[in-house]
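Visitor: this one's structure only:
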């Protein structure tokens, strides 16, 4: 077997990556996967939604990857809004998949667990189906909507089961997700590959700190990430109020970088807590400005509360803080410990007072902050580097391609 075959590439190998949650290349994990496949000899197409301020072209080629984008209005409100969003996305994805035409591998990234439906036409024409499980959607539903195991929860569980059944190969973002694929998904161990997300190191290069970003305070605290109901920004804000009121600490300025459907509510909460003068919300900002804030930050915050989703999920912000050499305060979550190790300190789950106390402890200990930052950078450059994930991704594609000929033979026999 030659090297190209081993890596899953080869002449005229075509892959189609389906994404609904973010535009590409803004979705960094998906973009890393696309460029890895391209470098291994694959012709790569992507179908994804258009962005609002970036990634707006309906069709483009970037670094050899052809991207097909469709207009999509993001959901607002409750589950009904997501049904409208997902229905529109599914229709556009199926339409563009026919435009791309037959491929060897169709690679679907969740959420939602619906894209196997858009891939049916390609699978009937011989494509192998790779399920890239970014989220556990049943746990996401429970964590986001607080409706319990109602009819819609049962529906998302059924869709997840259907996606697992359709998948020839599953990509899991960590070992916890792999365990779900093996147990709840009923997949064979040889068909599930851990492809961890990893920050783009060239994107996260520290620059000299800028004291003016601290707004006249000795210390800067930083949060980076999505602001949805399950992301814990409210926990962070209440912890900062306790840091000020309970511990008497006003020697800090905090910046919250990112956006999401809870953004406005979090700005309002900061005002209600009397934090308006000490907390700054930037929204999404260019990479250069993000790096300026992270390079200046003394402590970074990962306030995701423990819930069925967060406990087993890898938080990209934790990895990005580590790449920048920043110490982290986190709640005690299983996968947070796997990722950060001693680069973070951990408060009891959802204990805002202890979270505040750990922030204060780190602010008072610059030597510990420096040690933690160095440990984080070493982990990102070593066991958590994208190099390791690249190998696993290409092994997964090789496994999918190896299934192709037997699957085609079975289809011919059925005819």
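Guide: Right, received. Where do you want to start? As the structure is a prediction and not an experimental result, all values here were calculated from the model. Residues are numbered from 1 along each chain as shown.

Visitor: And what about residue 280, helix, strand or coil?
Guide: Following DSSP: H, G, I helix; E, B strand; the rest coil, the label given to residue 280 is strand.

Visitor: before we move on, what about residue 135?
Guide: coil.

Visitor: Walking through the stretch 201-350 of the chain, point out its helices one by one.
Guide: Assigned helices in the stretch 201-350 of the chain, in chain order: 233-245, 263-272, 287-296, 316-323, 334-340 (criterion: DSSP state H, counting those that start in this stretch).

Visitor: out of those helices, nearest to residue 52?
Guide: helix 263-272 (13.6 Å; CB to CB). The C-beta positions use only the backbone N, C-alpha and C, and glycine is treated the same way.

Visitor: Just say which of the helices of the stretch 201-350 of the chain is most tucked in.
Guide: helix 316-323 (a mean of 25; mean count of other CB atoms under 10 Å).

Visitor: can you give me the angle that one makes with helix 287-296?
Guide: Angle of helix 316-323 versus helix 287-296, following axes from the mean of the first three to the mean of the last three CA atoms, to 10 degrees, is 70 degrees.

Visitor: What is helix 316-323 packed up against?
Guide: Secondary-structure packing of helix 316-323 (3 or more CB pairs under 8 Å, 6 or more residues apart in numbering; DSSP states H and E): strand 219-224, strand 299-302, strand 328-331, helix 334-340, helix 366-381.

Visitor: Low-confidence stretches in the chain?
Guide: 1-11, 77, 405-415 (pLDDT under 70).

Visitor: Cross-check the contact I'm expecting between residue 327 and residue 373.
Guide: Yes: Residue 327 lies in contact with residue 373 (CB atoms under 8 Å); the separation is 5.6 Å.

Visitor: Looking only at neighbour counts, state which of these two leads.
Guide: Regarding residue 327 and residue 373, a neighbour count based on other CB atoms under 10 Å identifies residue 327 as having more, with 29 against 20.

Visitor: What residues does that one make contact with?
Guide: Neighbouring residues of residue 327 by CB atoms under 8 Å, 6 or more residues apart in numbering: 298, 299, 300, 343, 344, 345, 362, 368, 369, 372, 373, 376.

Visitor: which is the next helix or strand following the host helix or strand of residue 179?
Guide: With secondary structure defined by DSSP states H and E, residue 179 is part of helix 175-183. The helix or strand immediately downstream of helix 175-183 is strand 192-194, counting by DSSP H and E.

Visitor: coming back round to it: and the contacts of residue 327, which are buried?
Guide: Among the contacts of residue 327, those classed as buried by 16 or more other CB atoms under 10 Å are 298, 299, 300, 343, 344, 345, 362, 369, 372, 373, 376.

Visitor: Would you mind checking which of those is nearest to residue 251?
Guide: Nearest member of those to residue 251, counting by CB to CB, is residue 298, at 10.3 Å.

Visitor: residues contacting the closest one?
Guide: 219, 220, 221, 252, 327, 362, 363, 369.

Visitor: ditto for residue 211
Guide: Counted by CB under 8 Å, 6+ apart, residue 211 has contacts residue 296.

Visitor: quick one: common contacting residues for residue 327 and residue 373?
Guide: Joint contacts of residue 327 and residue 373 (CB under 8 Å, 6+ apart) are residue 343.

Visitor: give the contact list for the residue most central in space within the chain.
Guide: Nearest to the geometric centre of the chain sits residue 316, at 5.7 Å (CA atoms, centre = their mean). Going by CB under 8 Å, 6+ apart, residue 316 touches 28, 29, 197, 199, 225.

Visitor: same thing with residue 151?
Guide: Contacts of residue 151 (CB under 8 Å, 6+ apart): none.

Visitor: Next, it: phi, psi?
Guide: phi -60, psi -40 (degrees, to the nearest 10).

Visitor: ok, back up a step: name the nearest of the contacts of residue 298 relative to residue 180.
Guide: Of the contacts of residue 298, the one sitting nearest to residue 180 (CB to CB) turns out to be residue 327, at 30.6 Å.

Visitor: Next up, the contacts around the closest residue to that closest one other than its chain neighbours.
Guide: Computed as CB to CB, 6 or more residues apart in numbering, the closest residue to residue 327 that is not its neighbour in sequence is residue 372, at 3.8 Å. For residue 372, the contacting residues are 327, 328, 342, 343, 344, 345, 362, by CB under 8 Å, 6+ apart.

Visitor: Quick check: the fourth one vs residue 113, distance?
Guide: Read that as residue 343. With distances taken as CB to CB, to the nearest Å, residue 343 is found 32 Å from residue 113.

Visitor: cool, the second one as well?
Guide: Look at residue 328 and residue 113: by CB to CB, they are 31 Å apart.
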